[in-house]
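S.K.: Please work out how this folds:
(chains A and B, ligands or ions: 3)
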Amino acid sequence: MSDTENPFEIAYARERQARLKAEQLLEDKSRELYLKNQKLEESYNRLQQQQAVAMQNEKLATLGTLSAGVAHEINNPLAFVLSNLESLPIYKQALLRLLELNQKYLKDPGVPENYRNEIADLIEKEDLDFIGEDMHGLIDDTIEGIQRVKEIVLNLRSFARTQNCDRVEADLCAGINSTLKLLTSELKTGVTLKLDLQPLPGIVCNPNQLNQVFLNLIMNAKQAVEGRENPTITIKACCDDDAVRIQIADNGCGMPPEVQKEIFVPFYTTKPIGQGTGMGLAIAYGIIKDHGGKISVKSAVDQGTVFVISLPLWGRAEGAETGVAEAVSD
Amino acid sequence: MKGIIFNVLEDLVIKQCGIQGWNEVLSENPEATGIYTASESYPDEELFGLVGSVARKLEMPVAGVVETFGIFLFHQLAERYPMFVEQPENLREFLLSIESVIHIEVRKLYDSPNLPNFTYDESSQDQLVMHYQSPRKLCILAEGLVRGAAEYYNTPITIEHPVCMHQGANHCDLIIRFGNV
Ligand code: HEM
Ligand SMILES: Nc1ncnc2c1ncn2[C@@H]1O[C@H](COP(=O)(O)OP(=O)(O)OP(=O)(O)O)[C@@H](O)[C@H]1O
Ligand SMILES: [Mg+2]
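M.R.: Ligands and ions are numbered 1, 2, ... in the order given. So this is what the prediction gives:
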């Protein structure tokens, strides 16, 4: 073009160059900032996650201590209520025999009339005939009820034993069974429970924590099959050369891949407010990781979900720090 | 749309019609300030208004201007961000890197840019199908950018555009055939 000699256009071109340089500088800084920010966000998320798990663990530990304490307190009075109750049928028998004897004398003309009338009045006034009959049922029901309370307290205690970091050799099938007992009332509502628990070698673990994992997974399965046709939860346990495998499967609602990706994240929940805190699987993940194991999930929408936990056979206490849990979802 | 796009349009108009020409385009669009910083966002309508004026000035259809602009835009972008064109070995690789590298890097530089979405059908060796999706429907600009890239990599291409958002589809198919066909 002819007017490139125009001094303003030359100046414009120079200014344009200067602006490009300035923008270049800005972009370099922006990129740096972006990367730094990304790193920061990552560590912030990690921190938040760790904090959430720690908080929940603390809460659970407190809850464990609390429920163990309550169970212990209930256990003492329960013991003498139960032993007293066991004497009652014998006492009842004695009193009933007295009543029967009186009935017999009522019909005996040899007994003075005023004496017979007095006894007949008392029997009628206090409805002793009815009491005599009703007492059987009352006492039996009471004993049965108290037996149930005793069992609940027992389960609570075995579930919430508080030696939190103590590793002991334990049978996981026993743990699964005691967890299931705790859930009896939850699972009563028409859920079919299929168990295939093969005998497992004892593994060194924290049984309370593993029970917590089973509880969380079974609760999730139960919630997933709610309102579905033929609701079934299948629990399998087996063992191969190097690991124990526990599988908890349901034929419930299943999860799409985008949900599967998030389930181990603390506070991730698809349940309405108040129904889920979204900590169940995060905790399960943390516990399995502590045990050097793996937890994985397979799920298909509308078909069901399978969680598989595998724990190394030589669950060693010293391996706890180095053990890696892999959350696998596919 | 980011200021950088406006800056490049300004460069193109100044190159073709001189500074006076650009001033005229601006005065035809009172809402356009003409003050554009690369990383700032400005209304899309403002850009479309400017492009309309340019088309009238050059007596060209808008689509033609947009495509020419796309070609020019590519060369400017390539000059500003040489690393994006130096990395890929050939045109095909470059086109594949738009979604997986370039526009991702753009997000680091620019605060919430409005970028299109590309998916690819790579099943054939001598062609590449790019599925373009964007609420801004700037498929013609994409065509221009691809043509610019083809010039840069010295690779003759033909582009077919059988499925188009402007014809009511929910995306555009750009079928790019490589080599002299
Ligand atoms: C050096 C390479 C490239 C860079 C640095 C780059 C960068 C950008 C930037 C900064 C924007 C504006 C975003 C906004 O306004 O918010 C943009 C938009 C766009 N880019 Fe790229 N781009 C490059 C190559 C390409 C190529 C080769 C294509 C060809 C298909 C393409 C297609 C598009 C389209 C169509 C838009 C308009 C926005 C839309 O359609 O929604 N880009 N790009
Ligand atoms: N068996 C399952 N079937 C389908 N979805 C499941 C299953 N288990 C978990 N999920 C999904 O994973 C999400 C996270 O589960 P998680 O147990 O961590 O939290 P939650 O059950 O929502 O709440 P809570 O803290 O009460 O356990 C659930 O909200 C649900 O969407
Ligand atoms: Mg849960």
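S.K.: anything in the worst-scoring helix or strand of chain B on mean pLDDT near ligand 1?
M.R.: Of all helical and strand segments in chain B, the minimum by mean pLDDT, DSSP states H and E falls on helix B:103-109, at a mean of 90. Yes - residues of helix B:103-109 are located near ligand 1 by Cβ under 6 Å from any ligand atom, namely B:His103, B:Val106. Glycine gets a C-beta too; all of them are placed from N, C-alpha and C.
S.K.: Contacts for that helix next, please.
M.R.: Under the criterion Cβ atoms under 8 Å, 6 or more residues apart in numbering or on different chains, residues A:Glu27, A:Ser30, A:Arg31, A:Tyr34, A:Leu35, B:Ser39, B:Tyr81, B:Phe84, B:Pro113, B:Leu115, B:Pro116, B:Phe118 lie in contact with helix B:103-109.
S.K.: Kindly state the domain boundaries assigned to chain B.
M.R.: Taking automatic domain parsing as the criterion, chain B consists of the domains B:3-60, B:90-178.
S.K.: For A:Leu215, find the nearest of those domains.
M.R.: Closest approach to A:Leu215 among the domains of chain B (Cβ to Cβ): domain B:90-178, 42.5 Å.
S.K.: Report the distance from that closest one to the chain centre.
M.R.: In this view, domain B:90-178 has its centroid 9 Å away from the chain centroid, taken as Cα atoms, centre = their mean, to the nearest Å.
S.K.: Now do that domain: distance from first to last residue.
M.R.: Distance across domain B:90-178, first residue to last, is 11 Å (Cα to Cα, to the nearest Å).
S.K.: quick revisit: got a markdown table for the contacts of helix B:103-109, with pLDDT too?
M.R.: Conversion of the contacts of helix B:103-109 to a markdown table gives the following (pLDDT from 0 to 100):
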| residue | pLDDT |
| --- | --- |
| A:Glu27 | 89 |
| A:Ser30 | 89 |
| A:Arg31 | 88 |
| A:Tyr34 | 90 |
| A:Leu35 | 91 |
| B:Ser39 | 89 |
| B:Tyr81 | 93 |
| B:Phe84 | 95 |
| B:Pro113 | 93 |
| B:Leu115 | 96 |
| B:Pro116 | 97 |
| B:Phe118 | 97 |
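S.K.: and the closest residue to ligand 2 within chain B, what pLDDT?
M.R.: Residue of chain B nearest ligand 2, by Cβ to the nearest ligand atom: B:Asn117 (27.9 Å). Per-residue confidence (pLDDT) for B:Asn117: 96.
S.K.: if I pick whatever residue of chain A ends up closest to ligand 3, what's in contact with it?
M.R.: Minimum separation of chain A from ligand 3 (Cβ to the ion) falls at A:Gly280, amounting to 2.9 Å. Shown in contact with A:Gly280 (Cβ under 8 Å, 6+ apart): A:Asn216, A:Leu217, A:Met219, A:Asn220.
S.K.: Greatest separation within these: which pair is it?
M.R.: For these, the maximum inter-member distance is 7.3 Å, found between A:Leu217 and A:Met219 (Cβ to Cβ).
S.K.: Neighbour count for those two, which is higher?
M.R.: More neighbours sit around A:Leu217 than around the other of A:Leu217 and A:Met219, counting by other Cβ atoms under 10 Å in any protein chain shown; the figures are 26 against 16.
S.K.: Provide the strand pairings for the very next helix or strand once past the least confident helix or strand of chain B, with the direction of each partner.
M.R.: The element immediately downstream of helix B:103-109 (helix or strand, assigned by DSSP states H and E) is strand B:117-121. Paired strands of strand B:117-121, with direction, are strand B:127-133 (antiparallel) (DSSP bridges).
S.K.: The partner strand close to ligand 1?
M.R.: No - when contact is scored as Cβ under 6 Å from any ligand atom, no part of strand B:127-133 falls within range of ligand 1; the minimum is 6.5 Å.
S.K.: contacting residues around B:Cys172?
M.R.: Under the criterion of Cβ under 8 Å, 6+ apart, the contact partners of B:Cys172 comprise B:His131, B:Tyr132, B:Gln133, B:Cys139, B:Ala142, B:His161, B:Val163, B:Cys164, B:Met165.
S.K.: can you rerun that using 7 Å?
M.R.: By Cβ atoms under 7 Å, 6 or more residues apart in numbering or on different chains, B:Cys172 lies in contact with B:Tyr132, B:Cys139, B:His161, B:Val163, B:Cys164, B:Met165.
S.K.: shouldn't the last one be in contact with B:His171?
M.R.: I take that to be B:Met165. Yes - B:Met165 sits in contact with B:His171 when judged by Cβ atoms under 7 Å, with a separation of 6.4 Å.
S.K.: residues of the longest helix seen in chain B that come out buried?
M.R.: Residue-count comparison of every helix in chain B, with assignments taken from DSSP state H, identifies helix B:3-28 as the longest. When neighbours are counted by 16 or more other Cβ atoms under 10 Å in any protein chain shown, the buried residues of helix B:3-28 are found to be B:3-10, B:12-14, B:17-18, B:21-22, B:25-26.
S.K.: Can you report how many residues lie near A:His136?
M.R.: 12.
S.K.: make that B:Ile71, sorry
M.R.: 21.
S.K.: before we move on, back to that, from A:Thr62, how far out is the residue of chain A closest to ligand 3?
M.R.: Per Cβ to Cβ, to the nearest Å, A:Gly280 is found 18 Å from A:Thr62.
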